[in-house]
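In: coordinates only, sequence not included:
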């Protein structure tokens, strides 16, 4: 049976090419792997190999022909004893067959948000729960310990997490309780140990990876994004990655540019990742416990300055807080201030001072940056008609700029003033004490922004 | 190129030899077909063929036990076929169809099978090396006796994360066989121009990881080395390195004209060291099989590959809803 040989596509973008040279002639016997022709693409001259075996019955496109469309028959192979004379004669290159392309498909349009989003406003714990003052550091440690007690597959890995008891003492006591099999000191090789942890999650474990700071996780970001976040999708849903990457994020104090970056906006962009950035100790505990149980990779951004701060933590069995649920810290009617992580400190201070001036600010702690509880923001803006966002990160491509765009698209008619994003200054963090102070966001800047959007 | 140094009188049954012949032939015919479908525009993007390297994965799979894991780079079709994944599912993934192993969402470089313990299929050079050590970490943690085959190329062997992984794998005695598939070209750069040491496996010595060179054109030599490496790992002695010298006949990917080496160089390997011809010779000279027996196998494989190709063409494109699924578990 005669087999048509078609003009091949030899690169991802090739649509046509030049049949530069035939290396076989009519009557030649070819077998699979033999080089038949040289074809010039837009990028290079490629050799074209035979796939089937047979005799070259007819060459349909003469060498030197330019603009031969992909999938045009260029030769015919016949089997031994088959009559080649019955085959059609060589055709000019003009008789090119158009390449069949699949019909363009339209992606389903994202559904527009309803005018008043339905938002989970349920309390995170019973109103009558006994409260105890705890630091964020203790809350994080307790969260890990509780989850490790409950699930043998959960383990902690990172630099100085075991014998040193944690560079910031978050893992204090965990080695004693769980042993060196489950609390593992790593060498200072973020790229490598992040990859090993991700691989172990593919293999059925639930790792908690502590980065001494998220600045060092830049060494590991390929494993976080390309391996942890994308594999579920790339595997058609087969290969999930239950892992938590946690550690301090953002500026500490006087540690300068390479140790002071806020990564919330970076990780927020990645589908497949969840991103959490708690402010209070109760949220740190409840969210970390949820993050460890979550079947997806979670980036959990802590803050060194907040580690030692105390908050009331409800003393309930198994405190978990769902990822993706914002918290209204204080209700108000004149303006909405949205923040997360250490930004909440400025937001809450500003709200206190604004109250003295008779401005009632509603303060929302996002807690989870992705998935983001945009419904809670929109509901609040529909009430206050004004919005200020507060974060420590840089302005261009900030979390606040994303919130602004969502609010513009979904609640434009409710806005009485342009949204203002209060951010860190657009500079690498300086070392000098006075300059560092200037680079960081301040409560006064938040107050000024609120006065601007309320026209006071 | 390692000189052909065949096992003179292999202690191997006729059935085993025929199995290796069949498995290697399946990979070669599958890859040739994939190249053809690429030429027809049915496969898009990058497509890295394994032709010439078949003995590496077939030999090592022969040394593996049920439950052992494997992970590799983007040149992954051969690994998937060798561990028993459906040829139709692999081909339909190449054509980006619903019947593909990743429902058409991963493509040539990204396929997985929990059932067959195949953990990808990774597109970033070297990234699969710590991931493979992590799979071994999980096996050790669970004390299940499993071993992970972590494949990477001579190009990836210069990645920093490989040495971070060697260090931790040795430090923690992880049961992982690092398989360096040295096909001598990191895309278009010959090993001598990219790699400071002529032998790559010796780099393991700095970490206390034993290793050796293996003739990757001889499936029996690969199997024997694989058995030794696996026994080392299963005995709890930590990782092992196999630097398997092999050769890819085709370009780095379909769009590589491979001008960095001569046609004669490729031809010489094909004629003198072809791994499939090697087993064919053993079968015929040992009178384990006749020409007709082998023709029957050829025909059978051709049929399997044609069916895979048909399936990959007939399977529909994924439904548009698939765009939004599998982002979160």
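Out: Good, I have the coordinates. Here the structure is a predicted model, which means the values were calculated and not measured.

In: Which element, helix or strand, includes residue A:57?
Out: If you go by DSSP states H and E, residue A:57 is part of strand A:54-59.

In: Show me what secondary structure element comes after that strand.
Out: Heading C-terminal from strand A:54-59, the first helix or strand you meet, by DSSP H and E, is strand A:65-69.

In: hmm, that next one in reach of chain B?
Out: No. Against chain B, strand A:65-69 shows no contacts by C-beta under 8 Å from any C-beta of the partner chain, the least distance being 10.3 Å. In this view, the C-beta of every residue, glycine as well, is placed from N, C-alpha and C.

In: Paired strands for that strand, with orientation please.
Out: strand A:16-22 (antiparallel) (DSSP bridges).

In: Quick one: list the elements packing against the helix or strand following the strand it pairs with.
Out: Per DSSP H and E, strand A:16-22 leads on to strand A:29-30 as the next helix or strand towards the C-terminus. Here strand A:29-30 touches strand A:54-59, going by 3 or more C-beta pairs under 8 Å, 6 or more residues apart in numbering or on different chains; DSSP states H and E.

In: related to what we said a few turns ago, give me the mean pLDDT for the strand holding residue A:57.
Out: Here strand A:54-59 scores 90 as its mean pLDDT.

In: Hey, what's the angle from that strand to strand A:16-22? Just curious.
Out: Here strand A:54-59 runs at an angle of 110 degrees relative to strand A:16-22 (axes from the mean of the first three to the mean of the last three C-alpha atoms, to 10 degrees).

In: Can you spell out which helices and strands pack onto strand A:54-59?
Out: strand A:29-30, strand A:73-78.

In: how close does the closest residue to residue A:15 other than its chain neighbours get to residue B:237?
Out: Nearest non-adjacent residue to residue A:15, counting by C-beta to C-beta, 6 or more residues apart in numbering or on different chains: residue A:70, 5.9 Å away. Separation of residue A:70 from residue B:237 (C-beta to C-beta, to the nearest Å) stands at 53 Å.

In: so what's the residue in chain B that chain A sits nearest to up against?
Out: Closest contact between chain B and chain A, by C-beta to the nearest C-beta, is at residue B:134 (2.0 Å). By C-beta atoms under 8 Å, 6 or more residues apart in numbering or on different chains, the contact set of residue B:134 is A:195, A:196, A:197, A:198, A:199, A:200, A:201, A:202, A:203.

In: I figured the second one hits residue B:137, correct?
Out: Yes. Under the contact definition of C-beta atoms under 8 Å, residue A:196 touches residue B:137, with a separation of 5.6 Å.

In: which of these two has more neighbours?
Out: residue A:196 (34 against 29; other C-beta atoms under 10 Å in any protein chain shown).

In: quick check, that one in a helix?
Out: Yes. If the criterion is DSSP: H, G, I helix; E, B strand; the rest coil, then residue A:196 is within a helix.

In: For it, which non-adjacent residue is closest in space?
Out: residue B:134 (4.0 Å).

In: After the strand or helix carrying that neighbour, which helix or strand is next?
Out: Assigned by DSSP H and E, residue B:134 belongs to helix B:128-142. Note on helix B:128-142: by DSSP H and E, the next helix or strand toward the C-terminus is strand B:148-153.

In: could you give the mean pLDDT of that next one?
Out: Computed over strand B:148-153, the average pLDDT equals 98.

In: and the angle from the helix or strand just after that strand to strand B:148-153?
Out: Sequence order places helix B:160-171 as the next helix or strand after strand B:148-153, per DSSP H and E. Following the same axes, to 10 degrees, one obtains 150 degrees for the angle between helix B:160-171 and strand B:148-153.

In: Check the burial of the residue in chain A positioned nearest to chain B by counting its neighbours.
Out: Scanning chain A for the residue nearest chain B gives residue A:199, at 2.0 Å (criterion: C-beta to the nearest C-beta). Using other C-beta under 10 Å, residue A:199 has 33 neighbouring residues.

In: On the pLDDT front, check the nearest residue to it once chain neighbours are set aside for me.
Out: Excluding its sequence neighbours, the residue lying closest to residue A:199 (C-beta to C-beta, 6+ apart) is residue B:134, at 2.0 Å. Looking at residue B:134, its pLDDT stands at 98.

In: ok, and what's touching the helix or strand hosting residue A:39?
Out: If you go by DSSP H and E, residue A:39 is part of strand A:35-40. By C-beta under 8 Å, 6+ apart, the residues outside strand A:35-40 that reach it are A:5, A:7-8, A:10, A:17-24, A:30, A:45-50, A:56, A:63, A:74-75, B:263.

In: got it, and stretch B:211-225?
Out: Applying C-beta under 8 Å, 6+ apart, the external contacts of stretch B:211-225 come out as B:2, B:4-7, B:10, B:12, B:20, B:24, B:53-56, B:58-60, B:62-63, B:178, B:181-182, B:199, B:201-202, B:204-205, B:240-247, B:269, B:273-275, B:278-279.

In: likewise stretch B:188-197?
Out: B:154-155, B:157-158, B:182, B:184-186, B:198, B:203, B:252, B:256, B:258-261.

In: now the strands for chain B?
Out: In chain B, the strands defined using DSSP state E lie at B:69-72, B:118-121, B:148-153, B:176-182, B:185-186, B:189-190, B:211-215, B:240-245.

In: So which other helices or strands are in contact with the third one?
Out: This points to strand B:148-153. helix B:54-61, strand B:69-72, helix B:128-142, strand B:176-182.

In: mind giving me JSON lines with these and columns for distance to residue A:128?
Out: Output for the helices and strands packed on strand B:148-153, formatted as JSON lines (distance: least, C-beta to C-beta, whole Å):
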{"stretch": "helix B:54-61", "distance to residue A:128": "62"}
{"stretch": "strand B:69-72", "distance to residue A:128": "50"}
{"stretch": "helix B:128-142", "distance to residue A:128": "41"}
{"stretch": "strand B:176-182", "distance to residue A:128": "53"}
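
In: right, and those - which one's nearest residue A:152?
Out: helix B:128-142 (9.1 Å; C-beta to C-beta).

In: Pull out the buried residues from that closest one.
Out: B:128-141 (16 or more other C-beta atoms under 10 Å in any protein chain shown).

In: contacting residues around the nearest residue to residue B:252 once chain neighbours are set aside?
Out: Ranked by C-beta to C-beta, 6+ apart and with sequence neighbours excluded, the top spatial neighbour of residue B:252 is residue B:187, at 4.4 Å. Going by C-beta under 8 Å, 6+ apart, residue B:187 touches B:155, B:252, B:256.

In: Over to residue A:353?
Out: Each residue near residue A:353 by C-beta under 8 Å, 6+ apart is listed here: A:443, A:447.

In: Let me know the secondary structure of it.
Out: helix.

In: Next one, pLDDT for it please.
Out: For residue A:353, pLDDT reads 98.

In: That one and residue A:3: what is the separation?
Out: Going from residue A:353 to residue A:3 by C-beta to C-beta gives 82 Å.

In: same deal with residue B:171?
Out: 57 Å.

In: now residue A:79
Out: From residue A:79 to residue A:3 the distance is 9 Å (C-beta to C-beta).

In: Pick out whichever of the two has more residues nearby.
Out: Shown here are residue A:79 and residue A:3; by other C-beta under 10 Å, residue A:3 has more neighbours (16 against 13).

In: How far away from the center of its chain is whichever helix in chain B runs longest?
Out: The helix that spans the most residues within chain B, counting by DSSP state H, is helix B:14-39. Here helix B:14-39 is found 12 Å from its chain centre; the criterion is C-alpha atoms, centre = their mean, to the nearest Å.

In: Mind giving me the packing neighbours of it?
Out: Partner elements for helix B:14-39 (3+ C-beta pairs under 8 Å, 6+ apart): helix B:54-61, helix B:77-82, helix B:87-94, helix B:219-234, helix B:275-285, helix B:291-314.

In: Just say which of those is most tucked in.
Out: Highest mean neighbour count of these: helix B:54-61, a mean of 29 (counted as mean count of other C-beta atoms under 10 Å in any protein chain shown).

In: Any residue of that one touching chain A?
Out: No. With C-beta under 8 Å from any C-beta as the criterion, chain A is not reached by helix B:54-61; the gap is at least 13.2 Å.
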